[in-house]
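Asks: Pasted the sequence and its predicted model underneath.
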Amino acid sequence: MPTSIRNAVLTALSVLPTARSAVHIPARGGDTTAHVLRSLQDTCDQLRQALNGVNGTVFPLDGETYGGFEDENYSAACRLPAACIVNPNNAEDVSTAIKIISRKETKFAVRSGGHNYIPGYGSINETGVLISLSNLNTTVLSTDQKTAKIGPGNRWEAVYEALVPQGLTVVGGRVGPVGVGGLMLGGGLSYFATQRGLAFDNVKSYEVVLANGTIVNASADNQYSDLYKGLRGGGANFGIVTNYELYTYPVEEFYVDARLYSTNQTDDFLRAIAEYQQEGQLDALSSVSIQLIETGPTIMLLYNRPVQSAKAFDAFYNLGSYKPITAFNGSLLDVMSLTGSRFSTGNVSTYGETFSHKVDADLNVDLYKIFTEEIANLPSGASAVWVPNPIAASVAAVGKQYGGNLLGLQEVPQQWYEWYITWTDSTQEQAIYGISSKITQRCIAATEAKNASLPYLFANTAGVKQNVLSSFGTDNANTIKAIAAKYDPEQVFQKLQNDGFLIRKL
């Protein structure tokens, strides 16, 4: 929407009455803008009347309160001015909200933690309603301690704070401030992926609010087993997940070794990643977190036992000199403290894309060269980070053992990327998207030239024009379509949901 129209809409919304008044402004005949404004206002009024607790529904006129909810999105580019923001407290509230929104045919978006960096995926502008799941943030351990029911509005650090003191964990996010809901719907990488597969491979059941407001519990062994399967890849195409029941596992201390290598070691470092995947990653207790930045490659080596100098990391130990960042024996909570410290928001916009390929040491080097060539064209003040994620073959194998998912993963060691660019000048946004697209195109072409390309696109780090669902393969995409048709026959989540990796794009 052009800025002039956007400002006009916001101005008009600011003078329309709220639910505190019974007065409504009728639409003028033929005046589409007035009709849209009245319909939106009516939807928001009904939501405020139905969800009338503290901050149940907030409007731009609510000032700092509204701004606080709007600013929960990680990327500044995603902090869009919804006509109103709904803050349900439970599944019943979500059901009420979606019934009103559906009946009024109002556009909407759903946000859990707000970490997705694509504008419009976990956010919406003044043309619709944002359903924020922030209040659905409980973590309840079962009596036998074998599962935990976790709300999508949780942050992973809060989940671990509830479980780790009990000697337990779940397969969840690697960075504390990231929200539960988006990570779980996208698959979710964890420090236990080589042992336990992806986060959603470890779900026992989902509580889901369907498009008609019905609340169901989907598991592998009940009447909603098809919906359960669909949610292991199908994302936001079926309903709104209001609770995840995850299997718990005993957790021991980690040995953590974070280090920085010099820029002249970059090529050797990238080749060491491939060596680690072929040898060291066979030790399922090992995991790594990697970033390549201007000052050189950084890596956090994690071993899920308090064991120093584990042989699994020999490929990196053999690189020679490095600058130590920190090294310690500690709990998963200590790891969260370390990773969360690099999670900044402020007035920073973030965007990135993804692709995947089979393990190839020379290709690792070639791809990073492409990346550095392209980011040399970044506008002033923008910066970029290259993040290769080494994925063990066991991630696909464990997913199958745990009931299967719809990602179509090949059982081979592979790399998934989550490189990203940050900037603060909003006028640079289109230039950033252009550079991002070129990085992806060139990198995919390079993987294809070496016969190392893989089709899979990781939803948690994919870009706005990347067709995630198609990357799962035709059969899996058709399965997602069929499940969506069954549980959302009126296509509420296709026609009214603002944006996302939706089947309407297939």
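Replies: Sure, I can see it.

Asks: So which residues of the stretch 401-506 of the chain form strands?
Replies: 414-417, 420-423, 453-454 (DSSP state E, counting those that start in this stretch).

Asks: The stretch 51-200 of the chain too?
Replies: 57-58, 84-86, 108-111, 129-132, 139-141, 147-150, 168-169.

Asks: Comparing the ones you listed, which comes out most buried?
Replies: strand 84-86 (a mean of 29; mean count of other CB atoms under 10 Å). (C-beta placed from N, C-alpha, C; glycine too.)

Asks: Residues contacting that one, please?
Replies: With CB atoms under 8 Å, 6 or more residues apart in numbering as the test, strand 84-86 has contacts from 43-44, 47-48, 51, 56-59, 66, 69-70, 97, 129-132.

Asks: what number of residues lie near the closest residue to Ala484 other than its chain neighbours?
Replies: Nearest non-adjacent residue to Ala484, counting by CB to CB, 6 or more residues apart in numbering: Asn237, 4.6 Å away. Using other CB atoms under 10 Å, Asn237 has 26 neighbouring residues.

Asks: Pull the contacting residues for Asn237.
Replies: Listed by CB under 8 Å, 6+ apart, the contact set of Asn237 reads 230, 480, 483-484, 488, 493-494, 502-503.

Asks: list the buried ones in the lengthiest helix in the chain?
Replies: Using DSSP state H, we find that the single longest helix of the chain is helix 429-449. Residues 431-433, 435-437, 439-440, 443-444, 446-447 are the ones in helix 429-449 that count as buried (16 or more other CB atoms under 10 Å).

Asks: got the residues you listed as TSV, with distance to Leu189 columns?
Replies: Below are these laid out as TSV (distance: CB to CB, whole Å):
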residue	distance to Leu189
Ala431	29
Ile432	24
Tyr433	24
Ile435	25
Ser436	21
Ser437	24
Ile439	21
Thr440	19
Cys443	19
Ile444	21
Ala446	23
Thr447	20
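
Asks: any idea which of these is closest to Ala274?
Replies: Thr447 (13.4 Å; CB to CB).

Asks: Roughly how far does that closest one sit from Thr354?
Replies: Counting by CB to CB, to the nearest Å, the separation of Thr447 from Thr354 is 12 Å.

Asks: do Asn212 as well
Replies: Taking CB to CB as the measure, Asn212 falls 34 Å from Thr354.

Asks: do Ile432 as well
Replies: Distance of Ile432 to Thr354, given as CB to CB: 16 Å.

Asks: I'd guess Ala327 is in a strand, am I close?
Replies: Yes. Under DSSP: H, G, I helix; E, B strand; the rest coil, Ala327 sits within a strand.

Asks: What residues are bridge-paired with it?
Replies: Bridge pairing for Ala327 (DSSP bridges) gives the partners Asp257.

Asks: What is the burial count for it?
Replies: Counted with other CB under 10 Å, Ala327 comes out at 12.

Asks: doesn't Phe238 make contact with Leu502?
Replies: No. Counting by CB atoms under 8 Å, Leu502 stays clear of Phe238, with 10.7 Å between them.

Asks: tell me, what's touching the two both at once?
Replies: Counting by CB under 8 Å, 6+ apart, the common neighbours of Leu502 and Phe238 are Phe493.

Asks: Helix or strand: which one has Glu374?
Replies: For Glu374, the element it lies in under DSSP states H and E is helix 361-375.

Asks: now the angle between helix 429-449 and that helix, please.
Replies: In terms of direction (axes from the mean of the first three to the mean of the last three CA atoms, to 10 degrees), helix 361-375 departs from helix 429-449 by 160 degrees.

Asks: Quick one: list the elements packing against helix 361-375.
Replies: Here helix 361-375 touches helix 266-278, helix 429-449, going by 3 or more CB pairs under 8 Å, 6 or more residues apart in numbering; DSSP states H and E.

Asks: and the closest residue to Tyr317 other than its chain neighbours, backbone torsions?
Replies: Nearest non-adjacent residue to Tyr317, counting by CB to CB, 6+ apart: Ser309, 7.0 Å away. Ser309 adopts backbone torsions of phi 50, psi 50, taken as degrees, to the nearest 10.

Asks: where are the low-confidence patches of the protein?
Replies: Low-confidence segments of the chain (pLDDT under 70): 1-36, 341-345.

Asks: again, only using 50
Replies: Flagging of the chain using pLDDT under 50 yields the residue ranges 1-30.

Asks: Format the helices and strands packed on helix 361-375 as TSV; extra columns: distance to Asn460.
Replies: Shown next, in TSV, are the helices and strands packed on helix 361-375 (distance: least, CB to CB, whole Å):
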stretch	distance to Asn460
helix 266-278	20
helix 429-449	16
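
Asks: Which one of those helices lies nearest to Tyr74?
Replies: Using CB to CB, the helices and strands packed on helix 361-375 put helix 429-449 closest to Tyr74, at 15.6 Å.

Asks: any idea how far that closest one is from the chain center?
Replies: Mean-position distance between helix 429-449 and its chain equals 21 Å (CA atoms, centre = their mean, to the nearest Å).

Asks: Need the contact partners of it.
Replies: Contacting residues not belonging to helix 429-449 are listed as 77, 349, 351-355, 357, 363, 366-367, 370-371, 374-375, 377-379, 382, 417, 419, 421, 423, 453-454, 463-466 [CB under 8 Å, 6+ apart].

Asks: ok, of those, which come out buried?
Replies: Using 16+ other CB under 10 Å, the buried ones in those are 77, 349, 351-355, 357, 363, 366-367, 370-371, 374-375, 378, 382, 417, 419, 421, 423, 453-454, 463-464, 466.

Asks: hang on, the earlier thing: out of the strands of the stretch 401-506 of the chain, which is closest to Gly114?
Replies: strand 420-423 (15.6 Å).

Asks: so what does that closest one touch, helix or strand wise?
Replies: If you count contacts as 3+ CB pairs under 8 Å, 6+ apart, strand 420-423 packs onto strand 349-352, strand 383-385, helix 429-449.

Asks: I'd like the next helix or strand past the shortest one.
Replies: For strand 383-385, the succeeding helix or strand toward the C-terminus, using DSSP H and E, is strand 388-391.

Asks: buried ones in that following strand?
Replies: Within strand 388-391, the residues that qualify as buried are 388-391, counting by 16+ other CB under 10 Å.
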